[in-house]
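Colleague: Here is my input, please return the structure:
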Amino acid sequence: MLGADDLGRLEANLAALRRRIAAACAVCGRDPDGVRLVAVTKYAGASYAAALLTLGQLDLGENRVQHLLELAASLEGRALPPARWHLVGHLQRNKARKVAGLLHALHSLDDLDLARRLDAARPPDLQPLVAFVQVRLAEDEGRSGVEAQAVADLVRGLGGLTRVVPAGLMGLPPQGTPEEARPHFRGLRALAARVRQETPLGGELSMGMTADLEVAIAEGATVVRVGRALLEGLTPEALR
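Modeller: Just a heads-up that it's a prediction; the model follows:
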């Protein structure tokens with residue numbers, strides 16, 4: 001487990017982050033309870049994830065399937081609150097079965113066949129998997145995601161599934177300042193509103209990270225995915 005100093009820093013970072021979210025909501029007249037924080041545990045170890053759980057941060061996000069599986073296994077059996085695992089990185093089809101029973105949410109759905117595999121492998125005693133369709137916001141060949149014009153067709157296909165629910169959209173703006181990200185967030189919100197009129201898409205928007213979460217909240221984010229802001233001041237030992 002984390003030492004007392006690192007645990008104290010992490011607790012302070014988490015409180016400061018929640019204050020940022022509340023302040024951003026106040027500026028635009030939103031209820032802070034309408035914005036969920038997903039703490040991204042990328043590159044961190046089981047002690048860090050366990051500390052977040054003890055501090056009441058149950059929504060944990062991972063970029064890589066293998067690290068997700070290792071973290072979940074290392075926490076299993078401990079006297080900790082159960083984590084709600086979010087995969088925020090790309091998921092390959094051949095790994096769908098490995099995480100279908102573990103994930104609470106997938107933030108990077110970009111393929112109907114992947115959704116069908118998750119649907120088939122999702123245990124019936126679990127709540128349906130929360131899925132965010134990832135929309136490609138930048139002309140970067142390395143970025144995953146669905147082109148905007150293809151989102152509605154994908155969501156219509158998801159409407160035939162029972163164990164995967166299309167909760168909303170997710171987007172990663174190109175690198176830049178928070179204000180440069182604003183039109184991308186605004187465009188994602190507008191796209192979601194249009195698609196929602198003709199498909200079973202839910203009203204969630206997963207967008208915003210450490211640097212631009214205030215702008216994302218102003219533009220309608222209901223989920224922010226934050227890692228770096230939680231790591232400030234922690235020693236390297238805290239991340240093992």
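Colleague: drop to CA atoms for contacts and neighbour counts, all remaining ones
Modeller: OK.
Colleague: which other residues reach the helix or strand where His184 lies?
Modeller: His184 is part of helix 178-196 when elements are defined by DSSP states H and E. Contacts of helix 178-196 from elsewhere in the structure, counted by C-alpha atoms under 8 Å, 6 or more residues apart in numbering, are 135, 137, 148, 151-152, 168-171, 173-175, 201-203, 205, 207, 211-212, 215-216, 219-220.
Colleague: How far does stretch 78-88 stretch from one end to the other?
Modeller: Across stretch 78-88, the terminal residues are separated by 24 Å (C-alpha to C-alpha, to the nearest Å).
Colleague: Only the buried residues of the helix holding His184, if you could.
Modeller: For helix 178-196, the neighbour count (16 or more other C-alpha atoms under 10 Å) marks Pro178, Ala181, Arg182, His184, Phe185, Arg186, Leu188, Arg189, Leu191, Ala192, Val195, Arg196 as buried.
Colleague: ok, the residues you listed vs Gln127, which is closest?
Modeller: Each of the buried residues of helix 178-196 was checked against Gln127 using C-alpha to C-alpha; the closest is Arg196, at 22.1 Å.
Colleague: ok, now how distant is that closest one from Leu169?
Modeller: Distance of Arg196 to Leu169, computed by C-alpha to C-alpha: 10 Å.
Colleague: Next: Gln92.
Modeller: 19 Å.
Colleague: by contact count, what packs against the helix or strand hosting Val155?
Modeller: Assigned by DSSP H and E, Val155 falls within helix 151-158. With contacts defined as 3 or more C-alpha pairs under 8 Å, 6 or more residues apart in numbering; DSSP states H and E, the packing partners of helix 151-158 are helix 112-121, strand 129-135, strand 164-171.
Colleague: Same list (those) but as JSON lines, adding distance to Leu37, mean neighbour count and mean pLDDT.
Modeller: JSON lines is the format used below for those (distance: least, C-alpha to C-alpha, whole Å; neighbours: other C-alpha atoms under 10 Å; pLDDT from 0 to 100):
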{"stretch": "helix 112-121", "distance to Leu37": "24", "mean neighbour count": "19", "mean pLDDT": "98"}
{"stretch": "strand 129-135", "distance to Leu37": "15", "mean neighbour count": "25", "mean pLDDT": "98"}
{"stretch": "strand 164-171", "distance to Leu37": "14", "mean neighbour count": "26", "mean pLDDT": "98"}
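Colleague: Kindly reformat these as a markdown table and extend each row with distance to Val226.
Modeller: Formatted as a markdown table, the helices and strands packed on helix 151-158 follow (distance: least, C-alpha to C-alpha, whole Å):
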| stretch | distance to Val226 |
| --- | --- |
| helix 112-121 | 25 |
| strand 129-135 | 17 |
| strand 164-171 | 14 |
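Colleague: Can you tell me which of these is nearest to Thr235?
Modeller: Of those, nearest to Thr235 by C-alpha to C-alpha is strand 164-171, at 31.1 Å.
Colleague: Report the inter-axis angle for that closest one versus helix 112-121.
Modeller: 140 degrees (axes from the mean of the first three to the mean of the last three C-alpha atoms, to 10 degrees).
Colleague: What lies in contact with strand 164-171?
Modeller: With C-alpha under 8 Å, 6+ apart as the criterion, strand 164-171 contacts 107-108, 115, 118-119, 128-137, 155, 158-159, 185, 188, 192, 200-207.
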